Every structure is written in C-alpha cells, then in structure tokens.
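Asks: what follows is a predicted protein model with its sequence.
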Amino acid sequence: MKVSVIVNTYANERYDDFCKAVEAVLEQTYDDIELILVVDGNKAVYARVVEDFGDIDDVTTHCTEENRGNSGARNAGAELATGDVIAVTDDDAVPEPDWIEELVRVYETTDAIAAGGPVVPDWVDGKPPYFPDEFLLLVGCNQPEFGEHMEEVRNTYGCNISFKREVFEELSGFREHVGRIADKPIQGHESEIAIRMRERFNRGVIYTTDAVVNHKVYSYRTE
C-alpha cells in the first residue's frame, strides 16, 4: 500500500519547523511513501524547498500560483498524489517514526476508508498554568477522552488524518473556503470533509492511538 503524505507551508518564519516535519516523514519506518511538499504561493520559500529537498527520491515539490490557504494547498498536493492513501500533516508538526506504519495497519486490518491518530501538544514556551487539557482542541490537539483505540470518530485533527485516495477524490477534497487562509483563523476543514464523508458513505475516521503526531503550540495560540 503506497501512501502519499502532503506537507504544505507558506512562510519563511516557519521554515525551520517545516524542515523538521519533512525530516520526520522522510525517517518513517514505513517504506512505500511518496512525500509531496506544497508551498502556498510563496516563490522565495519554494526556492528553498527545491534546494533542500528537490533531489530526494520520492519527493515531489509544488508551488501554487497564489495563496490558496491550508485546504487549497492540500488539494493541490492531492492532485499530484499517486498513492492508495492520502495523509496530511502540518508544517509545525513532528510525526512519530511509526506514524504511517500504524495508519497503514488500520487500512490493512479493517475496512477503514479514513484513519487518523492522536495529536500531542509540544509546548514551545511551556504550557500556561491556566490552560486546561479540556481546551486542547482549541490548539488542534486531543482533549481528554477524545476516543478509544480503533473507535470510529467523526474526524481526527488536521495534522493527523488520512483518507483512501478514491474517497478523498469522490469528496472533491477539502472545501477551500474552510481552513486557514493567510492570517484568517478559519478552522475546521477536517471536520467539514468528515461530515460530508459521513453523509456520502455513512462512515467516520478510525482512530488509532498508536499513530501519534506531535504538534507545536506557540505562545500566541494560548493568548
């Protein structure tokens, strides 16, 4: 089973974190991966991506003509995908080495059409003492009692979700008016596509606690 992993980015300020995300995908224990790196309309960042990663086998680079936002960039990557499964993660996330291996295990052992796992906060400047774990969903991480291992949930969070490619294509990908666009904090694109998936297939996302992604939480997100 071939997996297409999409990592998209857009800002020079996030480039070091983006590189860590890319390296984490390149170091996965699962071998049959193609990595698609999408730069969302920033030619200067794209030049850096091509220089650093353009010569690596099974890595495809792409720059959109304009800033399309998180959903649009991921859709652009999906159009280039050739894998059986499309998986996405963020440019400020670091998947565990067996992330893809554990997602593939779900597809190989169940009839899942989508799979995802937990998102664990990586507090860049430390966790604020006033921040309760019940609010972790506000920073894109799993709150307590999110779900049981191998339970079907509506959706997992956007830096740890995957779909069978034919399902993603039949849903026409993410809706591009939902999801972060530049500095507009329009969130929930993974919820929106999962709602449509439920309406179309009457199925949710299989949640495996073994497929872990660590997500940086910057101090500005807790203000």
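Replies: Everything's here; your move. Computed from a predicted structure; not experimentally measured. Numbers count the residues shown, from 1 in each chain.

Asks: give the contact list for the residue nearest in space to the middle of the chain.
Replies: In the chain, the residue lying closest to the centroid (C-alpha atoms, centre = their mean) is residue 89, at 2.2 Å. Residue 89 is in contact with 5, 6, 7, 21, 25, 95, 159, 160, 213, counting by C-beta atoms under 8 Å, 6 or more residues apart in numbering. The way it works is simple: take the backbone N, C-alpha and C, and place the C-beta from them, glycine included.

Asks: go again with 7 Å.
Replies: When contacts are counted by C-beta atoms under 7 Å, 6 or more residues apart in numbering, residue 89 touches 5, 7, 21, 95, 159, 160, 213.

Asks: over to residue 49?
Replies: If you count contacts by C-beta under 7 Å, 6+ apart, residue 49 has them with 37, 39, 61.

Asks: next one: residue 93
Replies: For residue 93, the residues meeting the contact criterion (C-beta under 7 Å, 6+ apart) are 21, 159, 213, 214, 215.

Asks: could you check how far it is from residue 148?
Replies: Distance, residue 93 to residue 148, using C-beta to C-beta, to the nearest Å: 23 Å.

Asks: what of residue 203?
Replies: From residue 203 across to residue 148, the span is 17 Å (C-beta to C-beta).

Asks: which parts of stretch 143-154 are buried?
Replies: If you call a residue buried by 16 or more other C-beta atoms under 10 Å, then stretch 143-154 has these buried ones: 146, 147.

Asks: what mean pLDDT would you report for it?
Replies: For stretch 143-154, the per-residue pLDDT values average out at 96.

Asks: what does it rub up against?
Replies: Taking C-beta under 7 Å, 6+ apart as the criterion, the residues outside stretch 143-154 that touch it are 118, 133-134, 136-137, 191, 194, 198, 204-209.

Asks: so where's this protein shaky on pLDDT?
Replies: Low-confidence segments of the chain, defined by pLDDT under 70, span residues 178-186.

Asks: between the contacts of residue 49, which is nearest residue 77?
Replies: Of all the contacts of residue 49, the one sitting nearest residue 77 is residue 37; the distance, using C-beta to C-beta, is 7.9 Å.

Asks: ok, the closest one touching residue 7?
Replies: Yes - using C-beta atoms under 7 Å as the test, residue 37 is close enough to residue 7 to be in contact (5.7 Å).

Asks: what sits in contact with each of these two?
Replies: residue 22.

Asks: on that earlier part again, show me what the residue nearest to the centre of the chain bridges to in the sheet.
Replies: Here residue 89 shows beta-bridge partners residue 7, assigned using DSSP bridges.

Asks: next: the one 5 residues further on.
Replies: In this entry, residue 94 is beta-bridged to residue 214, by DSSP bridges.
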